[in-house]
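Asker: sequence first, predicted coordinates after that:
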Amino acid sequence: MRKLSSIRKCRSCCCCSGAEADCLRTTSEYKVMAEPRMSSIDGKLAEEFAVPSHVEEVKEKMTAFATLHAAAGRGVVLITSGGTKVPLESRTVRFLDNFSSGRRGSCSAEYFIDSGYAVIFLHRHRSLYPYTRMFSTMNMLDALTFRSGEGAARDSGDVVVNQQVLPNIAKVLKRYQEVKEGGLLLPIEFSTLSEYLHLLKAAAQSLNTIGAKAMFYLAAAVSDFYIPASEMPEHKIQSSNGPLQLSLNMVPKILSPLVKDWAPQAFVISFKLETDATILLDKARRALDTYRHQAVVANVLDSRRGYVVVVTRESKAELILSEQDMRNEVDIEERIVSNLTLAHNKFISQQGG
Ligand code: 9Z3
């Protein structure tokens, strides 16, 4: 690993927004600028993040999906959900992960569909999924039983759902099948940060074809740090070489080209996650100022299920679940989606759509 000098210039960090010639941050997380910076985020994406082989195929699917639903008068929302994985080796044994169960994204997808939207669900492989999320903690075999209990029934293969274990399965199954038959949900999976970034770019370019009818709801927990493909060791890092020192680059701020270049007419919502509540609103406002998108949903890790703030340049709406709401298992996502679909409708009419 290269030795770091005491004064470091970053490649493209959050403090200098890519104008790194002026950036003299001395914090340890930035690497020496050894070679000239890529001219754009597009270039950096192509060069430093492995392109998934199926990206063009997925892009065609997303474009067809968006065109079809927009022609039918529906809004189309791209939801990102779950955490990204950052490999430390090309033949990956170890990786860094970002925390997210995928509940926010999967639950929101259901409420968007109920509100008349078609949903592209860009989610981390095996994170929570719309509808099935409700049964995610269940052991499938505990939910099944033989129709007539003991003995011969066990050999007949006549298996039914145990209604005591899954009381509302019929209701959820009915809705799931309606959504599937209506073609209202397009699931796309990612695991690594590279896959996430390339698929998000493809999604943005696909949704650009439907202008202001497109919404981006970026709830995924995305790593801020990565190892460029060119600097990643191929094989498993050997512990016999002693303690491991990692030097990670800053991930390019993807929101910037998304809002400015890839989908400039769309309604874009990012999420801001903090563990320190005192800096949350300031960070949310700063993101709005920097990227000039429409809204930030701000939340604190420990209270995210019951409290979020939807921040726009003009307003701040606190959405809070009461203890009674919690007992009744109200989803805060229902309120987030209601707030944002109203704002999106207003946005569409302002754009003359
Ligand atoms: C969020 O803040 C989501 O609300 C959660 C949802 C990840 C907290 P769960 O999936 O949790 O229901 O378990 N997402 C955005 C997280 C993020 O990475 N934000 C970055 C930041 O805050 C980039 S915008 O700086």
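Answerer: Arrived safely. Values in this document were obtained by computation on a predicted structure and should not be read as measured data. Numbering: from 1, shown residues only.

Asker: give me the pLDDT value at Gln163.
Answerer: pLDDT for Gln163: 85.

Asker: what residues does the stretch 1-150 of the chain put near the ligand?
Answerer: For the stretch 1-150 of the chain, the residues in contact with the ligand (C-beta under 6 Å from any ligand atom) are 100-104. Heads up, the C-betas are built off the backbone N, CA and C, glycines and all.

Asker: let me have those in TSV, extended by distance to Pro257.
Answerer: Conversion of these to TSV gives the following (distance: C-beta to C-beta, whole Å):
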residue	distance to Pro257
Ser100	23
Ser101	28
Gly102	25
Arg103	29
Arg104	24
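
Asker: which residues in the protein form strands?
Answerer: 76-81, 85-87, 95-97, 118-124, 144-146, 159-161, 185-190, 214-218, 225-226, 249-250, 267-274, 295-300, 307-311, 316-320 (DSSP state E).

Asker: TSV for those strands, including mean neighbour count?
Answerer: As requested, the strands of the chain are exported to TSV (neighbours: other C-beta atoms under 10 Å):
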stretch	mean neighbour count
strand 76-81	27
strand 85-87	21
strand 95-97	15
strand 118-124	26
strand 144-146	16
strand 159-161	12
strand 185-190	19
strand 214-218	25
strand 225-226	19
strand 249-250	20
strand 267-274	22
strand 295-300	24
strand 307-311	20
strand 316-320	14
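
Asker: Ile237: neighbour count?
Answerer: Neighbour count of Ile237, defined by other C-beta atoms under 10 Å: 12.

Asker: enumerate every residue touching it.
Answerer: Counting by C-beta atoms under 8 Å, 6 or more residues apart in numbering, Ile237 makes contact with 88-89, 93-94, 244.

Asker: so Gly94 touches Lys85, yeah?
Answerer: Small correction: residue 94 is Arg, not Gly. No: using C-beta atoms under 8 Å, Arg94 is not in contact with Lys85, being 10.3 Å away.

Asker: most widely separated two among the contacts of Ile237?
Answerer: Val93 and Leu244 (12.4 Å; C-beta to C-beta).

Asker: rewinding a little: so which of the strands of the chain is nearest Ala343?
Answerer: Proximity to Ala343, assessed across the strands of the chain by C-beta to C-beta, is greatest for strand 295-300 (6.6 Å).

Asker: can you say which of the contacts of Ile237 are buried?
Answerer: For the contacts of Ile237, a neighbour count by 16 or more other C-beta atoms under 10 Å gives the buried set as Leu88.

Asker: neighbour count and pLDDT for the residues of the stretch 1-150 of the chain next to the ligand - can I get that in JSON lines?
Answerer: Putting these into JSON lines (neighbours: other C-beta atoms under 10 Å; pLDDT from 0 to 100) gives the following:
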{"residue": "Ser100", "neighbour count": "24", "pLDDT": "98"}
{"residue": "Ser101", "neighbour count": "16", "pLDDT": "98"}
{"residue": "Gly102", "neighbour count": "25", "pLDDT": "98"}
{"residue": "Arg103", "neighbour count": "19", "pLDDT": "98"}
{"residue": "Arg104", "neighbour count": "28", "pLDDT": "98"}
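
Asker: so which of those residues sit within helices?
Answerer: Among those, DSSP state H puts 103-104 in helices.

Asker: identify each buried residue in stretch 218-231, please.
Answerer: For stretch 218-231, a neighbour-count test (16+ other C-beta under 10 Å) marks 218-223, 226-227 as buried.

Asker: picking that back up, looking at the contacts of Ile237, which is nearest Glu56?
Answerer: Glu89 (27.0 Å).

Asker: tell me the contacts of Thr84?
Answerer: Contacts of Thr84 by C-beta under 8 Å, 6+ apart are 97-98, 124, 190, 192-193, 196, 220-223.

Asker: and those, which two are the farthest apart?
Answerer: Farthest-apart pair in the contacts of Thr84 is Thr192 and Ala221; separation 13.6 Å (C-beta to C-beta).

Asker: looks like His69 contacts Leu78 (just checking).
Answerer: No: using C-beta under 8 Å, His69 makes no contact with Leu78, being 11.9 Å away.

Asker: could you check the angle the longest helix along the chain makes with strand 76-81?
Answerer: What stands out as the longest helix in the chain, according to DSSP H, is helix 332-350. Inter-element angle recorded for helix 332-350 and strand 76-81: 140 degrees (by axes from the mean of the first three to the mean of the last three C-alpha atoms, to 10 degrees).

Asker: cool, thanks, talk later.
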